[in-house]
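# Sequence and predicted structure are below.
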Amino acid sequence: MNTHRFAGACARLATMVLAWGVAGALTASAMAQPAPSYLALFRQAESASPRLAESEANIRAAEGQTVQAAVRPNPNISLEAENIAGSYPYNGLSRAQTTLSVSEALEIGGQRPARMAAAGAGVNAARAQREQIRADFAYDLALAYATAELAERRAGLATEALNRAQEDERAARALVNAGREADLRAVQANAATTAAQADLEGTRADVSEALVRLTGLVGAPQSYTGVSQSLLDMAAMLKPPVIEPPSASPAVRAAEAARNAVALRVTVERTRVTPDVTVSLGFRRIAGENANTVVAGVAVPLPLFNNNSGAIATASAELAAADARLNTARLNAEAEWRGASAQALAADRRLIAAAEAEAAANEAYRLGRIGYDAGRTPLVELLAARRGLTEAQMRGLDARMARIRAEASLARVMGRIPFGDNP
């Protein structure tokens with residue numbers, strides 16, 4: 001009796017565990033969803049991407065430096081007591097002299113305006129850097145989105161190729177069973193089917209990897225199950241690139257802003273050669289004479305050992321490096337523009353050729369299948385025709401991807417968001 005009860009309890013527990021597992025799977029399935037359109041995903045990522053969040057934090061840090069740069073030095077207050085706790089007649093407080101004074105360092109030589117100007121240039125540099133990061137992120141997101149779609153499309157073609165391979169194998173086995181083909185043909189067809197199955201598994205793994213990368217790039221809490229917009233289908237509708245490159249790309253503007261900020265820091269270091277003047281004003285109480293006096297003073301440091309030459313040399317070297325980075329950014333922007341334009345034009349031609357090749361390969365496979373079923377075409381030609389069709393379809397996808405990549409590169413150089421509006 002106890003055994004029956006124990007078995008019943010185990011059965012109920014197994015049912016509950018199974019129900020929980022099914023509920024968990026349904027919940028995970030409900031939470032998982034395809035990625036929205038590219039532009040909508042980019043808008044969402046602007047508030048969630050760690051890369052863009054870092055650039056916003058850098059702007060706030062630069063703005064904080066502008067506030068600090070405008071602050072004047074704090075005044076000093078001091079209290080001094082003289083002629084106390086000494087030998088007679090100064091062993092008491094009857095002859096004490098107490099001085100209360102306030103001193104303030106005066107920045108001269110244009111130090112404060114130079115510091116404020118350098119801090120303002122730092123804000124401009126941070127904002128320009130944000131625009132560059134935004135353009136780079138839009139480029140990376142476009143490639144990740146298109147790569148995920150490309151992986152899905154490849155998996156779809158691999159599925160079609162497997163279906164064709166299975167149909168060819170069934171036809172080969174039917175001919176073998178009818179005595180019209182040798183057993184070797186069935187083995188060959190089976191090997192081709194197995195290879196198609198392996199290719200399909202590889203493409204499925206590529207889909208999972210591409211979707212994980214897309215999810216991680218935008219910081220989504222759940223991995224996407226696919227993409228909801230086709231960028232590859234837009235490849236044939238894109239306009240040819242213009243001949244002349246843009247006047248300045250985000251990378252060039254960021255390099256220019258950074259160079260201006262460094263140049264103003266050189267000015268700041270040069271103004272620091274002028275020493276600060278400290279003025280003081282105080283009130284002195286002379287106890288022995290029951291008198292009060294006013295004390296005033298001026299202090300100026302002697303620049304005998306420190307004339308800030310090292311800091312000036314460092315800032316000047318940093319300015320030379322910034323000039324070099326600016327020149328490099330200009331050369332890279334022009335080279336990237338010309339390279340992307342050439343790739344776009346080549347991809348347009350590849351798209352036309354790939355479409356013609358795919359149509360020819362599809363017709364070749366259709367005729368090969370008809371001929372094989374009629375016994376006029378050998379199996380090896382049918383298998384070659386099927387491989388040719390799959391390869392032609394894959395080349396068409398590669399041509400579309402190349403055009404999308406070129407368009408994303410052109411958009412990055414121009415500082416706009418590809419495949420969407422650009423306010």
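Perfect, I can see it now.
# how many other residues sit next to residue 183?
9 (other C-beta atoms under 10 Å). (Each C-beta comes from the backbone N, C-alpha and C, glycine too.)
# mind checking how far it is from residue 336?
58 Å (C-beta to C-beta, to the nearest Å).
# Would you map out the domains in this structure?
34-72+107-273+308-414, 75-106+275-301 (automatic domain parsing).
# distance between the ends of the shortest one?
What it means is domain 75-106+275-301. 17 Å (C-alpha to C-alpha, to the nearest Å).
# That domain - what's its average pLDDT?
What domain 75-106+275-301 shows for mean pLDDT is 87.
# can you list contacts of stretch 49-60?
Applying C-beta atoms under 8 Å, 6 or more residues apart in numbering, the contact partners of stretch 49-60 are 45-46, 123, 126-127, 129-130, 133-134, 137, 217-219.
# Mind putting the residues you listed into a markdown table with neighbour count?
What follows is the contacts of stretch 49-60, written out as a markdown table (neighbours: other C-beta atoms under 10 Å):
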| residue | neighbour count |
| --- | --- |
| 45 | 19 |
| 46 | 15 |
| 123 | 20 |
| 126 | 23 |
| 127 | 18 |
| 129 | 21 |
| 130 | 18 |
| 133 | 19 |
| 134 | 20 |
| 137 | 21 |
| 217 | 19 |
| 218 | 20 |
| 219 | 15 |
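# will you turn those into JSON lines that also has secondary structure?
Converted to JSON lines, the contacts of stretch 49-60 look like this (DSSP: H, G, I helix; E, B strand; the rest coil):
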{"residue": "45", "secondary structure": "helix"}
{"residue": "46", "secondary structure": "coil"}
{"residue": "123", "secondary structure": "helix"}
{"residue": "126", "secondary structure": "helix"}
{"residue": "127", "secondary structure": "helix"}
{"residue": "129", "secondary structure": "helix"}
{"residue": "130", "secondary structure": "helix"}
{"residue": "133", "secondary structure": "helix"}
{"residue": "134", "secondary structure": "helix"}
{"residue": "137", "secondary structure": "helix"}
{"residue": "217", "secondary structure": "helix"}
{"residue": "218", "secondary structure": "helix"}
{"residue": "219", "secondary structure": "coil"}
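# For my notes, please list these in a markdown table and give distance to residue 211 and pLDDT for each entry.
As requested, these are exported to a markdown table (distance: C-beta to C-beta, whole Å; pLDDT from 0 to 100):
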| residue | distance to residue 211 | pLDDT |
| --- | --- | --- |
| 45 | 15 | 86 |
| 46 | 21 | 82 |
| 123 | 38 | 95 |
| 126 | 33 | 95 |
| 127 | 33 | 94 |
| 129 | 30 | 93 |
| 130 | 28 | 92 |
| 133 | 24 | 92 |
| 134 | 23 | 91 |
| 137 | 18 | 93 |
| 217 | 11 | 89 |
| 218 | 11 | 87 |
| 219 | 14 | 82 |
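# and which of those is nearest to residue 289?
residue 123 (57.6 Å; C-beta to C-beta).
# And for that closest one, nearest residue in space, chain neighbours not counted?
Spatially, and ignoring its direct neighbours in sequence, residue 123 is nearest to residue 62 (4.4 Å; C-beta to C-beta, 6 or more residues apart in numbering).
# swap in residue 199?
Residue 199 sits nearest to residue 158 (C-beta to C-beta, 6+ apart), 5.0 Å away.
# Test my guess that the one you found contacts residue 195.
No - Residue 158 is beyond contact range of residue 195, at 10.7 Å (criterion: C-beta atoms under 8 Å).
# okay, those two: which has more neighbours?
Higher neighbour count among residue 158 and residue 195: residue 158, with 23 against 15, using other C-beta under 10 Å.
# Which neighbouring elements make contact with the helix or strand where residue 175 lies?
Assigned by DSSP states H and E, residue 175 belongs to helix 111-177. Contacts defined by 3 or more C-beta pairs under 8 Å, 6 or more residues apart in numbering; DSSP states H and E place helix 111-177 against helix 38-45, helix 50-69, helix 183-218, helix 250-271, helix 309-373, helix 379-414.
# Quick one: those as CSV, columns for distance to residue 89 too.
Shown next, in CSV, are those (distance: least, C-beta to C-beta, whole Å):
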stretch, distance to residue 89
helix 38-45, 82
helix 50-69, 51
helix 183-218, 83
helix 250-271, 51
helix 309-373, 52
helix 379-414, 85
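# No more questions from me, cheers.
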